[in-house]
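J.: Generate coordinates for the sequence data below:
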Amino acid sequence: MRRPMKDEAAALDALNARIVSCRECPRLVAYRERVAHEKRAAFRDWEYWGRPLPGFGDPHARLLVVGLAPAAHGGNRTGRMFTGDRSGEWLYRALHRAGFANRSTAVSRNDGLALTDCRITAAVRCAPPANRPTRQEFASCQPYLEREIEILGDRLRVVVALGRVATDAFLRAWRATGHPVPVPRPKFRHGASWTLPPVAFLVSYHPSQRNTQTGLLSRRMFDRVFLRARRILEPAPRGVRRQREGARHPSSRPRRATTPA
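T.: Numbers count the residues shown, from 1 in each chain. A predicted model of the protein is given here:
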């Protein structure tokens with residue numbers, strides 16, 4: 001029998017409290033606190049969060065989005081995943097477009113943003129120097145991701161990983177929680193999908209400035225990933241699906257009869 005939804009919310013709250021108080025990795029602790037003290041000139045009036053970031057979103061989500069780690073002057077400043085940086089601008093716009101977010105922008109923890117049927121997490125919970133966590137730092141954070149997966153349980157239906165590193169981190173946690181992972185593993189590429197029963201696993205390039213400013217990742221490419229997640233969760237009835245396919249492919253429609261001249 002499935003446990004009541006309120007139990008899932010309470011379990012995630014308890015996990016979040018553990019994450020926020022974590023001081024397991026000395027290098028990350030020193031860096032996140034130094035950044036919070038020194039600040040960036042543009043944010044000198046902000047009181048930086050300067051702690052690990054818990055997951056954010058619907059505690060009963062069927063979609064889980066997995067990122068790499070908080071940005072030093074983004075999540076480490078605002079205290080919420082993908083909030084206050086350029087990557088977040090891309091992510092929340094795509095989630096809003098696909099119907100998972102009530103707004104397309106994220107600037108602070110108190111901006112009114114809410115997610116429906118979606119939760120955002122990360123492989124590493126503290127901002128790392130140069131955006132490069134060490135192998136040991138990934139290992140130290142992995143139990144938090146494992147616990148999130150366990151709490152979401154059999155409600156989880158779609159996972160989207162942002163970037164190759166987040167993809168690898170999720171698959172390690174997925175295997176550690178008793179789920180099979182294909183061997184050999186398919187190669188990472190944007191838009192690829194794997195079946196990891198009971199979830200569909202979709203992967204995307206990370207919406208980092210390096211990827212978006214160079215054109216490696218376009219808004220259309222990114223939107224398609226989350227629109228696909230929406231279709232998996234809420235497939236259209238067969239008749240509606242055929243109508244949509246006909247609209248997308250006009251050449252498949254029956255041709256109108258013509259009278260010879």
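
J.: tell me the helices in the stretch 1-150 of the chain, going along the chain?
T.: With DSSP state H, counting those that start in this stretch as the criterion, the stretch 1-150 of the chain has helices at 5-20, 26-38, 75-78, 86-97, 135-152.

J.: show me where the protein has strands.
T.: 56-57, 63-67, 118-122, 158-162, 193-196, 199-204 (DSSP state E).

J.: Buried deepest among the helices of the stretch 1-150 of the chain, which one?
T.: Most buried of the helices of the stretch 1-150 of the chain, by mean neighbour count (mean count of other Cβ atoms under 10 Å): helix 75-78, with a mean of 26. Where C-beta positions appear, they are placed from N, C-alpha and C, glycine not excepted.

J.: pLDDT (mean, whole number) over that one?
T.: For helix 75-78, mean pLDDT rounds to 98.

J.: what do you get for stretch 194-210?
T.: Mean pLDDT, stretch 194-210: 96.

J.: And that stretch, how far out from the chain middle?
T.: Centroid displacement of stretch 194-210 relative to its chain, using Cα atoms, centre = their mean, to the nearest Å, is 9 Å.

J.: for the residue nearest the centre of the chain, which residues make a bridge with it?
T.: Here the mean C-alpha position of the chain is nearest to the C-alpha of Val65 (Cα atoms, centre = their mean), at a distance of 2.2 Å. Beta-bridge partners recorded for Val65 (DSSP bridges): Ile120, Val160.

J.: Distance of it relative to Val225?
T.: Per Cβ to Cβ, to the nearest Å, Val65 is found 10 Å from Val225.

J.: and what of Asp117?
T.: 16 Å.

J.: same check, this time on Glu137
T.: Using Cβ to Cβ, one obtains 27 Å as the distance from Glu137 to Val225.

J.: Can you point out the buried residues in stretch 191-200?
T.: Buried residues in stretch 191-200, counted by 16 or more other Cβ atoms under 10 Å: Ser193, Trp194, Leu196, Val199, Ala200.

J.: Now render the residues you listed as JSON lines, adding distance to Arg18.
T.: Shown next, in JSON lines, are those (distance: Cβ to Cβ, whole Å):
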{"residue": "Ser193", "distance to Arg18": "32"}
{"residue": "Trp194", "distance to Arg18": "30"}
{"residue": "Leu196", "distance to Arg18": "26"}
{"residue": "Val199", "distance to Arg18": "24"}
{"residue": "Ala200", "distance to Arg18": "29"}
